[in-house]
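Engineer: Compute the structure for the input listed below.
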Amino acid sequence: MKLGLQLGYWGAQPPVNGPELVTAAEAAGFDAVFAAESWGSDAFTPLSWWGSATERVRLGTSVVQISGRTPTSCAMHALTLDHLSGGRHILGLGVSGPQVVEGWYGQPFAKPLARTREYVSIIRNVLSRKEPVTSAGPHYPLPYSGEGSTGLGKPLKSITHPLRPDIPIWLGAEGPKNVALTAEIADGWLAIYYSPRLAPMYNEWLDEGFARPGARRTREDFEVAATCQVVVTDDRAATIAGMKPVTALYVGGMGAPELNFHAQVYRRMGYGDVVDEVTELFRAGRKDEAAAAIPDEMVTETMIVGDHDEVREGVKRWEDAGVTMLLVSCRDAEHVELLADVVLG
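Structural biologist: Residues are numbered from 1 along each chain as shown. Predicted coordinates:
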């Protein structure tokens, strides 16, 4: 099992201990450090700035939103960071949701699977640098020839030669079709709210993608990086109670009520009635009651919590389920070192 440090995205202000966490993660034997974005801070800049003090850890985005950049622009970011890091970049991509895509980026959300396939294909063409990049579209036509076009667009090849033509591309995916697409065209899966109990279901989705003609990887060389809170504690009950407001936020408050991908994940776990109740309470502003409606097992499905021995057993369970990396959030350097000792030691 590998460990990845999830720095996430910033709140109202940048975190004050970002450099400390990144330095500690490399020293403690973490495999990678990841940054995310929502509608504030971006994911590439923190990796470039804080990652400049590292020599070994991989630097990944988890995730950058495909609607925020054209595929050629995203490829430029990726090849630049890969050069600066000496070939340590992982490009993690995700479609986000309609509220962000249409409300923040002003782009259509429709056909996210088709958009993802086309987006990844163009990035790979940029990185291969075999020929000027063109795309028939329909989502990212190159050269552009639609409304407002001058007709002067020219197929171009990257001026900068990529350090690696095969920078790993991992996809954030939650539903069955998206996970199957990930197994088909990507190098890894960024899984959120992963539950080892549902590993047989996930494996069916993945196997469908691996079996498609032209699939890029096999299960043996494909990475599964799952977001997982790992908490070493003797007070398991208090930790679980402290996580319930966060679970209630994502289940009941993230995305539109009629289209919340996080809620759909928990429905697949069998918590449909709870999701309905939590959504109703959260949308009514009764957030404390929404958190109280979350059963303990709904929290522990997607995290590892307990004393040293219980955590080690939990890590083994996740590894047996097919997870190759745990993406963990840490408070400070001491927390980083503790998790490295328990998980990697």
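
Engineer: Show me the domain layout of this protein.
Structural biologist: 2-231+304-344, 234-303 (automatic domain parsing).

Engineer: elements contacting the helix or strand containing L79?
Structural biologist: Per DSSP states H and E, L79 falls inside helix 71-84. Packing partners of helix 71-84 (3 or more Cβ pairs under 8 Å, 6 or more residues apart in numbering; DSSP states H and E): helix 44-51, strand 89-94, helix 112-128. Heads up, the C-betas are built off the backbone N, CA and C, glycines and all.

Engineer: For it, buried residues please.
Structural biologist: For helix 71-84, a neighbour-count test (16 or more other Cβ atoms under 10 Å) marks P71, T72, C74, A75, M76, H77, A78, L79, T80, L81, D82, L84 as buried.

Engineer: Repeat that for stretch 252-270.
Structural biologist: G252, G253, G255, N260, F261, H262, A263, Q264, V265, Y266, R267, M269.

Engineer: what does it rub up against?
Structural biologist: The contact list for stretch 252-270 (Cβ atoms under 8 Å, 6 or more residues apart in numbering) reads 97-99, 174-175, 192-193, 195, 197-198, 201, 250-251, 272, 274-275, 278-283, 287, 290, 298, 301.

Engineer: what's the answer for stretch 138-155, then?
Structural biologist: For stretch 138-155, contacts defined as Cβ under 8 Å, 6+ apart pick out 70-72, 111, 114-115, 118-119, 122, 132-135.

Engineer: C-alpha coordinates for it, CSV please?
Structural biologist: Extracted in CSV, the C-alpha atoms of stretch 138-155 (Å, rounded to 0.1, in the frame of the first residue of the first chain):
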residue,chain,number,x,y,z
PRO,A,138,-17.6,17.7,-31.4
HIS,A,139,-16.6,19.0,-28.0
TYR,A,140,-13.1,20.3,-28.6
PRO,A,141,-12.7,20.8,-32.4
LEU,A,142,-9.2,21.7,-33.5
PRO,A,143,-8.7,23.9,-35.4
TYR,A,144,-11.9,25.7,-34.5
SER,A,145,-14.2,26.5,-37.4
GLY,A,146,-17.5,27.3,-35.8
GLU,A,147,-19.4,30.5,-35.3
GLY,A,148,-17.1,33.5,-35.1
SER,A,149,-14.2,31.6,-36.6
THR,A,150,-11.8,33.6,-38.9
GLY,A,151,-10.9,30.4,-40.8
LEU,A,152,-7.2,31.1,-40.0
GLY,A,153,-6.8,28.4,-37.4
LYS,A,154,-3.8,26.2,-38.0
PRO,A,155,-3.0,22.7,-36.5
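
Engineer: Run the chain-centre distance for that stretch.
Structural biologist: On the basis of Cα atoms, centre = their mean, to the nearest Å, stretch 138-155 sits 31 Å off its chain's mean C-alpha point.

Engineer: and what of stretch 244-260?
Structural biologist: On Cα atoms, centre = their mean, the centre of stretch 244-260 falls 17 Å from the chain's centre.

Engineer: i'd like the first residue to be 3 from this point on
Structural biologist: With the count now opening at 3, the last piece we talked about shows up as stretch 246-262.

Engineer: Let's see the distance spanning it from one end to the other.
Structural biologist: Terminal residues of stretch 246-262 are spaced 18 Å apart (Cα to Cα, to the nearest Å).

Engineer: so what's G216 closest to, chain neighbours aside?
Structural biologist: Once flanking residues are discounted, G216 sits nearest to E186: 7.7 Å by Cβ to Cβ, 6 or more residues apart in numbering.

Engineer: distance of that neighbour from L144?
Structural biologist: 22 Å (Cβ to Cβ, to the nearest Å).

Engineer: could you point out where the protein is predicted with low confidence?
Structural biologist: 257-261 (pLDDT under 70).
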